[in-house]
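Trainee: Provided below for reference: sequence and predicted model.
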Amino acid sequence: MGQLLLNNVQKFYGDFEVLKGIHLEVKNGEFVVFVGPSGCGKSTLLRMIAGLDATTAGDIVIDRLRVNDLPPVKRGIAMVFQSYALYPHMSVFENIAFPLRVEKMEEAKLKAKVEHVARILHLDQRLQQRPGMLSGGQRQRVAIGRAIVREPKIFLFDEPLSNLDAALRADMRIELAKLHRQLKATMIYVTHDQIEAMTMADRIVVLNAGEIAQTGAPLELYHKPANIFVASFIGNPKMNFLPVTCTSVSDAGVEVAYEGQKAVIPVTPRQGAVGKALTLGVRPEHIQIGSGDIALTVVPTVIERLGAQTVAYASLDGEGENFCATLPGSAGVRPDQPIVAGINVADCHLFDQTGISFERHVELTDIDMNLLDPTAAA
């Protein structure tokens, strides 16, 4: 088993509150990713679960056992660090075998376990080499192998791919996803890279300033962000935001005005919204060239041609590139040449003055609903 419960977990450094009453339950076999900007507390939270940092308040419970006062070795966890933390003078075999030697495991059993793990990670031809002879991706697999061989209840990963180049990161994402399916183990993974979070997680925990901003499956956070912070953090390039005013509400949604144009956004209305300044959000991939329910003329300042896609950045206020459109690769856009950007209301998000989102009327297929909670179908 590998169940984890965090109950009102807090962390102070002096008078500074790093984590502000974290409540979270991780199911056995889940792949949960902590994501957020630098300084949000995600690595601190992981280290507290591991027992490397003490909690100021609250309970950390693993398989119904409160572990706050237990050392790391007694918690049934294994941690993979960003820096690999391999012993350079030891072979791959000895690096993987190290925790078993600490436990004084019988040699024949130790050898069998290390060779089994090496086969899983495609390291069986590298067992006699030292870390300095390996690529970055191979060294990371050795570090993962040293964690696997302990057969922990929970695997903890602290930004394990950040030292790798882009191609290796993509390969290792695939390897980690395959490994999770093979081991069926509970994994908690910290990253600042929301692409890693979206592609690997069963569930994402978005942290902001020491608090959980939202928890949910990747597609849930994409389609139904709870607030502006999550909406801007999940998605690449990030969501566009336009200032609008609520002119009326009805069963169909909330009517907003933007630069003389009016459109009804299909969201659940709220009392007292009429006359209020709101924020309209639309993702760059939902922008189209030409007319839409809302249209605005923008002048691209930077064009990125990526082959299948063209990304155009523009300024709405002349003070920086604060508008982005992801267009087909064949789009004939040019820097400093105006284009009409069309927005359809079905693709829009709406946020109140405090940044909280209005509930969207999103129609999802049965497949979408299963993807919103991958653990439900397990």
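Mentor: In hand now; what should we look at? Residues are numbered from 1 along each chain as shown.

Trainee: Low-confidence regions, the protein specifically.
Mentor: Applying pLDDT under 70 to the chain flags residues 318-320, 363-378.

Trainee: Which residue is the nearest non-sequential neighbour of residue 298?
Mentor: residue 314 (3.9 Å; Cβ to Cβ, 6 or more residues apart in numbering). Yep, even glycine has a C-beta here, placed from its N, CA and C like the rest.

Trainee: Which parts of the stretch 151-300 of the chain are strands?
Mentor: 154-158, 186-191, 203-208, 211-216, 240-250, 253-258, 261-265, 277-282, 288-289, 294-298, 300-305 (DSSP state E, counting those that start in this stretch).

Trainee: List the strands paired with the fourth one, with their directions.
Mentor: It stands for strand 211-216. strand 203-208 (antiparallel) (DSSP bridges).

Trainee: got the angle between the strand it pairs with and strand 186-191?
Mentor: Counting by axes from the mean of the first three to the mean of the last three Cα atoms, to 10 degrees, strand 203-208 points 40 degrees away from the direction of strand 186-191.

Trainee: Using PDB, write out every CA atom in strand 203-208.
Mentor: Extracted in PDB, the C-alpha atoms of strand 203-208 (Å, rounded to 0.1, in the frame of the first residue of the first chain):
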ATOM      1  CA  ARG A 203      -3.700  14.300 -10.600                       C
ATOM      2  CA  ILE A 204      -2.000  17.700 -10.300                       C
ATOM      3  CA  VAL A 205      -1.700  19.800  -7.200                       C
ATOM      4  CA  VAL A 206      -1.200  23.400  -8.100                       C
ATOM      5  CA  LEU A 207       0.600  25.300  -5.300                       C
ATOM      6  CA  ASN A 208       0.800  29.100  -5.000                       C
END
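
Trainee: Would you mind pulling the contact partners of that strand?
Mentor: 24, 30-37, 40-42, 45, 197-198, 212-218, 221, 229-230, 233-234, 374-375 (Cβ atoms under 8 Å, 6 or more residues apart in numbering).

Trainee: Write a ChimeraX command that selects only the buried members of those residues.
Mentor: Selection of buried members from the contacts of strand 203-208 for ChimeraX, criterion 16 or more other Cβ atoms under 10 Å:
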select :24,30,31,32,33,34,35,36,40,41,42,45,197,198,212,213,214,215,216,217,218,221,229,230,233,234,374
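
Trainee: Out of the contacts of strand 203-208, list just those in helices.
Mentor: 42, 45, 197-198, 218, 221, 229-230, 233 (DSSP state H).

Trainee: Please identify the one among the residues you listed that lies nearest to residue 143.
Mentor: Using Cβ to Cβ, residue 42 comes nearest to residue 143 of the ones in helices among the contacts of strand 203-208, at 19.4 Å.

Trainee: Spit out the contact partners of the residue lying closest to the closest one once chain neighbours are set aside.
Mentor: In this structure, residue 42 finds its nearest non-sequential neighbour in residue 34, 4.1 Å apart by Cβ to Cβ, 6+ apart. Going by Cβ under 8 Å, 6+ apart, residue 34 touches 42, 45-46, 188-191, 205, 207.

Trainee: follow-up on the earlier one: for residue 135, find the nearest of the strands of the stretch 151-300 of the chain.
Mentor: Short answer: strand 154-158, nearest of these by Cβ to Cβ, at 18.8 Å.

Trainee: Okay, angle between the closest one and strand 186-191 too, please.
Mentor: Put simply, strand 154-158 runs at 10 degrees to strand 186-191, going by the same axes, to 10 degrees.

Trainee: Now do strand 154-158: everything it contacts.
Mentor: Here strand 154-158 makes contact (Cβ under 8 Å, 6+ apart) with 2, 4, 26, 43, 46-47, 49-50, 62, 76-82, 147-148, 176, 185-190.

Trainee: For it, list the C-alpha coordinates in PDB.
Mentor: Output of strand 154-158 as PDB, limited to C-alpha atoms (Å, rounded to 0.1, in the frame of the first residue of the first chain):
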ATOM      1  CA  ILE A 154       5.800   5.800  -2.000                       C
ATOM      2  CA  PHE A 155       8.300   7.200  -4.500                       C
ATOM      3  CA  LEU A 156       9.200  10.900  -4.200                       C
ATOM      4  CA  PHE A 157      10.800  12.800  -7.200                       C
ATOM      5  CA  ASP A 158      12.200  16.200  -6.700                       C
END
